[in-house]
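Engineer: Structure here, sequence nowhere to be found:
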Ligand SMILES: CC(C)=CCNc1ncnc2c1ncn2[C@@H]1O[C@H](COP(=O)(O)O)[C@@H](O)[C@H]1O
Ligand SMILES: [Zn+2]
């Protein structure tokens with residue numbers, strides 16, 4: 001089997017995808033044609049092959065995309081397109097995350113924002129897309145304690161009313177802004193109410209105290225964890241906590257290389273955690289902004305670290321254990337993987 005075909009056909013689980021960072025070039029074109037007066041060009045919303053940016057520049061890209069995605073219609077289209085693209089890439093289970101924005105930015109209340117994403121998930125299901133999609137409501141760390149609490153309250157409400165679609169909360173946003181200690185009460189509240197937590201942790205150096213504090217919750221999954229281990233200025237005690245609590249880490253290779261927090265693919269911390277035998281899940285982060293998809297990320301991990309097709313299969317299958325969806329969904333996915341195995345390894 002052709003290598004590209006193998007990676008596309010490989011059934012995959014995507015657990016770390018920010019909605020507005022996942023918007024494809026085709027969808028951006030549609031948005032630009034809806035809003036020509038904004039004078040936005042596609043080069044302003046994506047970081048191409050071989051290009052790298054500072055973190056600040058990356059976050060500027062999100063501001064541009066947010067200008068393009070500012071009505072209910074836009075959000076519905078963007079979410080629908082993103083879900084269908086993941087499905088076309090062989091993703092069988094997706095946890096999408098997105099930050100409900102302030103009403104002044106979108107004309108939508110935060111509640112309607114979440115409802116619109118849920119509507120897109122339901123629409124894709126009705127249209128028969130072969131993908132199970134769940135939603136994590138995101139907290140932008142720069143907005144502080146009160147907004148975080150407001151977001152958690154909404155997530156709690158939707159956890160009960162969305163028929164199991166809202167499963168958790170994400171903590172993300174510019175890691176150089178704000179401190180986790182201000183968000184701890186909101187995150188603790190979310191956890192107490194049964195929401196799962198996926199937290200961006202140690203995405204930049206010198207966040208040891210914050211990481212230590214947030215690990216005490218503990219989170220159910222970690223996003224990036226780039227600077228947790230001692231080889232890059234983290235600490236053995238942080239690593240021990242993550243290992244003892246078996247907290248899965250979501251790893252996004254291209255995002256970290258293009259965002260300049262990792263010097264090159266071969267120095268990516270995938271190697272460190274994979275060799276420890278710790279649960280790691282390959283993810284895209286922002287497939288639109290970083291011009292990638294999940295098949296490509298698996299392929300890059302395999303070619304960089306010399307993984308066989310069998311090892312890659314195992315990696316994608318082990319991701320099932322890390323989902324926030326219920327046990328029954330894990331079983332269904334295991335069955336799907338078992339059914340598809342002979343096709344890929346004939
Ligand atoms: C800068 C860089 C290398 C990005 C990748 N690493 C990231 N780190 C933290 N937060 C992120 C990252 N990528 C996306 N986000 C969050 O996701 C948002 C975009 O998706 P959404 O509007 O929540 O639907 C961004 O505004 C930001 O809050
Ligand atoms: Zn992220």
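Structural biologist: Noted; the coordinates are in hand. Predicted, not measured: the structure shown is a model, and the values here were computed from it. Numbers count the residues shown, from 1 in each chain. Ligands and ions are numbered 1, 2, ... in the order given.

Engineer: For the rest of this, base every contact and every neighbour count on C-alpha atoms.
Structural biologist: OK.

Engineer: How about the residues of the stretch 51-200 of the chain by ligand 1?
Structural biologist: Contacts of the stretch 51-200 of the chain with ligand 1, taken as C-alpha under 6 Å from any ligand atom, map to 55, 58-59, 62, 98-99, 140, 172-174.

Engineer: among the residues you listed, which ones are buried?
Structural biologist: 55, 58, 62, 98-99, 140, 172-174 (16 or more other C-alpha atoms under 10 Å).

Engineer: ok, whatever residue of the stretch 201-346 of the chain ends up closest to ligand 1 - contacts?
Structural biologist: Nearest residue of the stretch 201-346 of the chain to ligand 1: residue 259, at 3.8 Å (C-alpha to the nearest ligand atom). Counting by C-alpha atoms under 8 Å, 6 or more residues apart in numbering, residue 259 makes contact with 52-55, 58.

Engineer: Report all helices and strands that the helix or strand bottoming out on mean pLDDT in the chain contacts.
Structural biologist: The weakest-scoring helix or strand in the chain, judged by mean pLDDT, DSSP states H and E, is helix 103-106 (a mean of 88). Of the remaining helices and strands, none touches helix 103-106 by 3 or more C-alpha pairs under 8 Å, 6 or more residues apart in numbering; DSSP states H and E.

Engineer: in it, what counts as buried?
Structural biologist: Going by neighbour count (16+ other C-alpha under 10 Å), the buried part of helix 103-106 is residue 106.

Engineer: which residues sit against whichever helix or strand comes after it?
Structural biologist: Toward the C-terminus, helix 103-106 is succeeded by helix 110-126 as the next helix or strand (DSSP states H and E). Helix 110-126 is contacted by residues 72, 75-77, 79-80, 83-84, 100-103, 131-135, 137, 154, 162, 165 when judged by C-alpha under 8 Å, 6+ apart.

Engineer: now do 6 Å
Structural biologist: Contact with helix 110-126 is made by 76, 79-80, 100, as judged by C-alpha atoms under 6 Å, 6 or more residues apart in numbering.

Engineer: Give the rounded mean pLDDT of stretch 339-346.
Structural biologist: Averaged over stretch 339-346, pLDDT sits at 96.

Engineer: hmm, I was thinking of stretch 179-198
Structural biologist: Mean pLDDT, stretch 179-198: 98.

Engineer: What's the end-to-end length of that stretch?
Structural biologist: Stretch 179-198 has an end-to-end distance of 16 Å (criterion: C-alpha to C-alpha, to the nearest Å).

Engineer: Please apply the same query to stretch 162-182.
Structural biologist: Stretch 162-182 has an end-to-end distance of 28 Å (C-alpha to C-alpha).

Engineer: Pull out the buried residues from that stretch.
Structural biologist: By 16+ other C-alpha under 10 Å, the buried positions in stretch 162-182 come out as 165-175, 178-181.

Engineer: tell me the contacts of residue 193?
Structural biologist: Residue 193 neighbours (C-alpha under 6 Å, 6+ apart): none.

Engineer: Quick check: closest non-adjacent residue to the residue of the stretch 151-300 of the chain found nearest ligand 1.
Structural biologist: At 3.4 Å from ligand 1, residue 173 is the closest residue in the stretch 151-300 of the chain, using C-alpha to the nearest ligand atom. Distance criterion C-alpha to C-alpha, 6 or more residues apart in numbering; nearest residue to residue 173, sequence neighbours excluded, is residue 140 at 4.8 Å.
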